[in-house]
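Peer 1: Sequence and predicted model, in that order:
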Amino acid sequence: MKLDNRKESEFTEIVGPFHHERQESSSYNPERKASSEGSYVPTLDVTFVHVTSKPTSKGCFGRWHQLYAALAVTMSAAGLGTTIAYTATAMPDLRNAKPFGEVTSSQETWIGPLALLGAAVACPIAGFLVDIFGRRRTIVWFMPLFLSGWLIIGLAQNIEMIYIGRFITGFCGGSISLAIPVFLAEVSEVDIRGTLTSFIDMMITVGILYIYLIGTYASWQTQAFACGALPLLCQILMFIVPESPRFLLQRGDTTNARKSLSWFRNSTFEQIEEEFSKLLGSVTESQDKGGSWKDVFKVPVLKPIGIGMGLMFIQQCCGILPITAYTVDIFHSAGTDINDNLSTNIVGVIQVMATITSALLVDRYGRRLLLLLSTGFMTTSMCGMSSFFYMKNRHNYPVNQFSPLDYLGWLPLTSLLIYVVAFSIGVGPISWLYMGEIIPNHVRGKGCGIVTITSWSLSFAMTLGFGGLMAIVGEDVGYGIFGAVSLIGSVFIYFCLPETKGRTLDEIQILFTKNNNIKNNLTEDL
């Protein structure tokens with residue numbers, strides 16, 4: 001393999017002391033070719049040379065800009081976590097304090113789902129903004145609005161103000177849930193992209209645990225003000241983070257795009273010149289494909305959008321939001337005497353630890369393996385939950401005679417913990433990761449908008465309808481349905497999802513072209 005007929009030693013002098021991994025594929029490659037003045041311009045070639053930069057001398061410290069950017073941008077994801085979990089800790093205090101009189105069951109039913117409805121409404125708007133104004137700018141713009149939503153809740157004088165605050169915070173949370181995966185997928189190096197994008201779900205669980213801990217001791221107003229601190233912190237941290245270099249190139253801002261890539265790689269212009277040239281060629285090719293709504297309905301685009309929607313269906317319809325909302329009830333079903341707040345804190349800690357584990361494993365063992373393990377254990381745990389409630393609710397065991405329930409009091413609690421761990425290792429974080437990776441560059445805003453509106457609409461429907469579902473079919477059948485969704489998810493993942501570990505965004509898009517057999521890439525170990 002030759003690169004511009006240069007020797008390895010000469011190439012090392014150009015790009016610095018980096019380790020180079022090379023692999024061939026039939027893709028677009030803007031190789032660097034010398035002009036008469038000694039500069040380099042992108043050209044077309046049928047051979048794709050993939051160079052992955054790994055700073056051997058700097059190690060992880062050479063990538064601290066990417067790590068900082070991931071933590072800064074996902075601080076807003078922690079704000080989304082507080083939005084999701086706020087009602088679990090605030091509603092008991094609202095019922096007891098009665099600041100607006102008695103909170104009716106109808107009012108309580110809407111306080112939670114309104115945030116999810118706001119998230120669904122936000123997705124098409126956010127999809128437009130990330131394509132027109134940028135990924136970073138979209139995230140930063142929504143932080144003051146996010147903060148204002150929490151202030152409205154904390155200063156609420158009536159239940160309608162809480163409704164408005166919940167919708168606003170949900171709207172902002174839905175917007176950043178679209179923008180963050182796109183941003184991180186574009187600024188991360190290939191071999192750590194999975195880890196950094198997994199920060200999204202990790203920080204969501206951190207936000208959930210954060211409000212669980214505060215809710216143990218604070219009133220509903222104080223909880224709201226504490227939640228508002230997270231978007232404010234994100235706004236401050238994002239001050240030094242530049243825009244995605246890919247987006248800047250799409251806007252024709254070559255100078256700032258080069259500066260941005262240099263910042264994210266913590267390298268000089270000379271060291272990132274090879275990657276920058278390839279990125280420039282990739283953007284040029286992407287722009288040639290268009291980017292209108294008409295392009296969204298072409299087969300190479302519909303395939304990844306369909307996969308993204310399928311993953312979001314599994315993520316939301318497996319029952320994660322209503323199950324975690326009913327954590328206290330499940331602990332009570334297990335016959336434990338654990339304090340209600342302590343039980344939710346235990347689940348919160350487990351979620352955080354599991355998502356950290358996922359972030360450490362996803363770039364080592366791949367996305368497909370973790371997803372298959374996740375859905376497999378989720379299916380098993382929901383079967384255990386369904387079996388317990390079937391025996392509890394459908395059978396009347398005679399007094400003073402043997403009852404399996406005497407020996408299975410541990411089953412609901414154990415099943416719940418297995419379910420939470422399994423979800424947090426695979427389906428939770430990797431669904432968002434896949435969305436950021438597989439949606440084609442030229443329709444990324446529109447495609448991600450379709451996927452995220454699917455996610456939040458399903459989330460809204462599940463949260464609103466969970467109580468009615470359990471009342472109609474019973475807990476045993478309800479948990480059985482969640483187990484069946486997880487099983488269907490295993491089949492879908494095995495047959496439909498390609499492995500994206502170690503692939504560039506351009507290489508991933510090739511998997512969905514008409515002439516490519518996606519089945520040959522399902523289990524390929526890169």
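Peer 2: Good, I have the coordinates.
Peer 1: The host helix or strand of Glu108 packs against which elements?
Peer 2: Under the criterion of DSSP states H and E, Glu108 resides in helix 105-111. Secondary-structure packing of helix 105-111 (3 or more Cβ pairs under 8 Å, 6 or more residues apart in numbering; DSSP states H and E): helix 64-97, helix 159-187. All C-beta spots, glycine's among them, are computed from the backbone N, C-alpha and C.
Peer 1: what's next to the helix or strand following that helix, contact-wise?
Peer 2: Downstream of helix 105-111, the next assigned helix or strand under DSSP H and E is helix 113-132. The contact list for helix 113-132 (Cβ atoms under 8 Å, 6 or more residues apart in numbering) reads 83-84, 86, 137-138, 141, 163, 166-179, 182, 291, 444-450, 452-453, 456-457, 459-460, 463-464.
Peer 1: Against which helices or strands is the one helix or strand Glu507 maps to packed?
Peer 2: Using DSSP H and E, the element containing Glu507 is helix 505-510. If contacts are counted by 3+ Cβ pairs under 8 Å, 6+ apart, helix 505-510 sits against helix 273-288, helix 427-438.
Peer 1: winner for burial among these?
Peer 2: The highest mean neighbour count among those, using mean count of other Cβ atoms under 10 Å, belongs to helix 427-438: a mean of 27.
Peer 1: Least confident of the helices and strands packed on helix 505-510, on average?
Peer 2: If you rank the helices and strands packed on helix 505-510 by mean pLDDT, helix 273-288 sits at the bottom with a mean of 87.
Peer 1: elements contacting the helix or strand following that helix?
Peer 2: Sequence-wise, the next helix or strand downstream of helix 273-288 (DSSP H and E) is helix 293-296. When contacts are defined as 3+ Cβ pairs under 8 Å, 6+ apart, helix 293-296 packs onto helix 299-317, helix 444-473.
Peer 1: closest to Leu487 out of the ones you listed?
Peer 2: Smallest distance to Leu487 across the helices and strands packed on helix 293-296 (Cβ to Cβ): 10.1 Å, for helix 299-317.
Peer 1: Okay, angle between the closest one and helix 427-438 too, please.
Peer 2: On the basis of axes from the mean of the first three to the mean of the last three Cα atoms, to 10 degrees, helix 299-317 is oriented at 170 degrees to helix 427-438.
Peer 1: which of the residues in helix 299-317 are buried?
Peer 2: 300-301, 303-305, 307-317 (16 or more other Cβ atoms under 10 Å).
Peer 1: picking up where we left off before, could I get the helices and strands packed on helix 293-296 in JSON lines, plus columns for mean pLDDT and distance to Phe225?
Peer 2: Listed next are the helices and strands packed on helix 293-296 as JSON lines, based on pLDDT from 0 to 100; distance: least, Cβ to Cβ, whole Å:
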{"stretch": "helix 299-317", "mean pLDDT": "91", "distance to Phe225": "30"}
{"stretch": "helix 444-473", "mean pLDDT": "85", "distance to Phe225": "24"}
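Peer 1: about what we covered before: what remains of the contacts of helix 113-132 if I keep only buried residues?
Peer 2: Using 16+ other Cβ under 10 Å, the buried ones in the contacts of helix 113-132 are 83-84, 86, 137-138, 141, 163, 166-179, 182, 291, 444-450, 452-453, 456-457, 459-460, 463-464.
Peer 1: okay, which residue is most central for the chain?
Peer 2: By Cα atoms, centre = their mean, the chain has its centre lying nearest to Trp432, at 3.2 Å.
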